[in-house]
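Participant: What follows is a predicted structure for the sequence shown.
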Amino acid sequence: MSKGFDKRKRIFDKYVSQLKKLNENNLLPDFIKYKEDCYICPICLNNFSENDLKDVSENMLTLEDAPPKSLGGRATTLTCKTCNNRCGHEIDYHLTERLIEIDERAFLPNIKAKARFTHNGLKIQGELNVDSKGNITVIHDKKNNHPEKLEKYVKSTGKNDIVDIEFKPSRVDKHRLEVALLKTAYILAFEHYGYSLILSSPYNIIRKQLINPEAEIYPEGFWTKQGSFKPEQEGVHLIASKGFEGFLAIFLLKTKSSENRFGVYLPVSERSTYDNIKRLKEQEAGFGLKMESYMMNDYFGEIGNMKLMVNFIKEKNTPQQCI
Ligand SMILES: [Zn+2]
């Protein structure tokens, strides 16, 4: 039996049963190819049977972490191996790496960073360590430095000398980092509302962006980092403030040294996505959006809640008729 089989089977059953209910009640959009007893990968929308839970499958269903595991996330949904691997290398890596870089450059506790040190014109390699109490130590390895140069450097550097520190160049792609934030928000929406929200047409643009992380598809300015977000605000909430329509996913990203809460805008209507993001961008930091939470509702067992969600989005995307 492959790793985590029981957990993946439980998730598989929960989502397959939701799909079945949505299909029986004609709540699936026309562009969805529904196959009975199959799980639809939220990213590529391909169908996967129970056999794809086994590791003999060419493209098995794997646990998907939201936020990424390296940033304190946990797995409550599944994506296919192809999507999971691609998102890991091409998207999530940039977010994790950037947050660690910020910690390193701020010399926060619990960091370990390779850097170049310069003093009296001598440049040598070293590893900077900050322990949990904030004490800084530097290790200069003989393997990575010319022995004579290292000796000269050590002899000429005194206790209170100021040394220049140059961290290794960043490999982070800012755009992909933003796509990683979008992916976390999207998977969290899938965790809370299941297919009833994410299979709707306004989410096609998000899937397209996740599959093509290099392209600029989802409008920029859709995310914010706010010190004012509270733990109790974490979740995926409907924005209730006038002039806005959409969801705001609020989540915590945790490194060994820091904790930050992010907010990511998710759409309800294809028409209003761009305008809403533009308006959010113009808001002052710490914008006081009012939010309604429907997260306590059961979207997996109660067909009434699924219906409300599907119809709510449908209504927002029906062309308005002029009378
Ligand atoms: Zn997939």
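Facilitator: It's in. Residues are numbered from 1 along each chain as shown.

Participant: Contact partners for the closest residue to the ion within the stretch 101-250 of the chain?
Facilitator: Per C-beta to the ion, residue 211 is where the stretch 101-250 of the chain lies closest to the ion, at 8.7 Å. The C-beta positions use only the backbone N, C-alpha and C, and glycine is treated the same way. With contact taken as C-beta atoms under 8 Å, 6 or more residues apart in numbering, residue 211 is in contact with 43, 44, 83, 86.

Participant: Next, it: phi, psi?
Facilitator: Main-chain torsions, residue 211, degrees, to the nearest 10: phi -80, psi -30.

Participant: next one: residue 254
Facilitator: Per degrees, to the nearest 10, the backbone of residue 254 is at phi -120, psi 120.

Participant: mind checking how far it is from the ion?
Facilitator: Separation of residue 254 from the ion (C-beta to the ion, to the nearest Å): 27 Å.

Participant: For residue 244, which non-adjacent residue is closest in space?
Facilitator: residue 276 (5.7 Å; C-beta to C-beta, 6 or more residues apart in numbering).

Participant: ok now the helix or strand harbouring that neighbour, how far from the chain's centre?
Facilitator: Taking DSSP states H and E as the definition, residue 276 sits inside helix 273-282. Relative to its chain's centre, helix 273-282 lies at 20 Å (C-alpha atoms, centre = their mean, to the nearest Å).

Participant: tell me what that helix is packed against?
Facilitator: For helix 273-282, the elements it packs on are strand 259-266, judged by 3 or more C-beta pairs under 8 Å, 6 or more residues apart in numbering; DSSP states H and E.

Participant: List the neighbouring strands of the strand it packs on plus their orientation.
Facilitator: Here strand 259-266 has these sheet partners by DSSP bridges: strand 223-225 (antiparallel), strand 247-254 (antiparallel).

Participant: Okay, buried residues for the shortest one please.
Facilitator: By neighbour count on 16 or more other C-beta atoms under 10 Å, the buried set for strand 223-225 is 223, 224.

Participant: mean confidence score for it?
Facilitator: The average pLDDT within strand 223-225 is 92.

Participant: following that strand, which helix or strand comes up?
Facilitator: Next along from strand 223-225, by DSSP H and E: strand 235-239.

Participant: re the thing from before, now for the contacts of residue 211: which two are most distant?
Facilitator: 44 and 86 (9.4 Å; C-beta to C-beta).

Participant: so what are the domain limits for this protein?
Facilitator: 5-98+173-316, 103-167 (automatic domain parsing).

Participant: tell me, what residue is most central in this structure?
Facilitator: Central residue of the chain (C-alpha atoms, centre = their mean): residue 184, 2.5 Å from the mean position.
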